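Enquirer: Based on what follows, work out the 3D shape:
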Amino acid sequence: MTARTLALVLALLLAAPAAPAAVPDEAFDDYREVFKALGEQHAEAIVTVKFVMSVTNSGNEQRVEDRTQAVLVSADGLLLVPERTISLDFSSFGEGGQGAPVATSRDFRVRLADSDEWLPADLVTRDSALGLAWLRMRKPARPLPFVDLSRGVRAEPGMVYFSVLRTSDEWGGVPVFRPGLVLGETHTPTFRLLVDGVPGLAFSHDGKPMGYVDVDLASMMRSRNTGVGMDMADMVLRMTPIDKVAAATAQAAALPVAGAD
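Expert: Model prediction:
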């Protein structure tokens with residue numbers, strides 16, 4: 001695999017392509033009040049994280065700067081991010097076996113919703129089973145707005161949910177909102193909700209967290225269907241229920257920064 005091809009693959013993977021937008025339930029034909037409430041409750045807790053991902057392939061290192069959406073989950077600067085932004089082992093995608101490229105991230109920087117300054121953050125821990133990771137900002141100057149994950153609601157198939165995202169500088173770093181739909185559930189290999197929408201923290205119409213949505217990159221790469229049958233049933237995102245996210249976050253909150261004395 002050439003360096004150029006590797007960069008393209010990495011960019012495609014980190015983009016985490018979303019499924020088509022869900023058709024909203026009739027009860028939410030008009031989202032104006034929902035979006036207004038979500039903005040007032042949670043927009044400031046959705047922030048941007050930049051990082052440098054180093055990709056090592058056959059002894060050669062390539063660095064790629066990237067960004068992701070993050071959620072503030074404590075007043076002292078604990079951040080929830082997708083684990084795929086911390087590390088990627090391409091062998092899990094069937095790419096190159098034991099000699100497959102490995103990507104790891106560092107130099108995390110966070111920009112708060114009301115600031116133009118990029119502030120340093122450090123890795124606390126990661127949970128590969130849940131696909132989540134946690135960063136911590138270095139000594140924030142004030143208590144920060146955050147999402148209380150302990151006050152969540154259970155998500156079930158058929159429920160509408162909403163995502164709050166923050167745009168890039170090109171669009172002014174403003175919050176945007178996306179509806180999604182819980183399509184089903186699976187217990188293989190563990191319990192997950194199958195959803196249509198975009199990666200990130202999912203909220204109910206009244207602003208309660210429902211779970212964390214992300215793409216299972218390894219599973220998607222292994223189960224690609226390129227035949228003429230066009231079986232699209234597996235083209236879904238996964239949602240980790242909020243009780244699991246909250247429990248893992250509570251454990252992460254008690255840990256020091258990874259590698260700190």
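Enquirer: So for Met235, what's the pLDDT?
Expert: Listed pLDDT for Met235 reads 79.
Enquirer: I meant to write Gly94 there.
Expert: The model reports Gly94 with a pLDDT of 58.
Enquirer: What of the one 3 residues further on?
Expert: As predicted, Gly97 sits at a pLDDT of 55.
Enquirer: what do you get for Asp122?
Expert: 97.
Enquirer: same thing with Pro179?
Expert: pLDDT, Pro179: 96.
Enquirer: And the most centrally placed residue in the chain, how close does it get to Phe108?
Expert: The residue lying closest to the centre of the chain (C-alpha atoms, centre = their mean) is Pro82, at 3.9 Å. Distance of Pro82 to Phe108, given as C-beta to C-beta, to the nearest Å: 13 Å. Any C-beta I mention is one placed from the backbone N, CA and C, and that applies to glycine too.
Enquirer: swap in Asp234?
Expert: 32 Å.
Enquirer: For those two, indicate the residue with more neighbours.
Expert: Remark: of Asp234 and Phe108, Phe108 carries more neighbours, 25 against 13, as counted by other C-beta atoms under 10 Å.
Enquirer: Identify the residue nearest that one in space, chain neighbours excluded?
Expert: Distance criterion C-beta to C-beta, 6 or more residues apart in numbering; nearest residue to Phe108, sequence neighbours excluded, is Ala121 at 4.4 Å.
Enquirer: helix/strand/coil for that neighbour?
Expert: What DSSP: H, G, I helix; E, B strand; the rest coil gives for Ala121 is strand.
Enquirer: Just list the residues touching it, thanks.
Expert: 49, 77, 79, 108-110, 135-138 (C-beta atoms under 8 Å, 6 or more residues apart in numbering).
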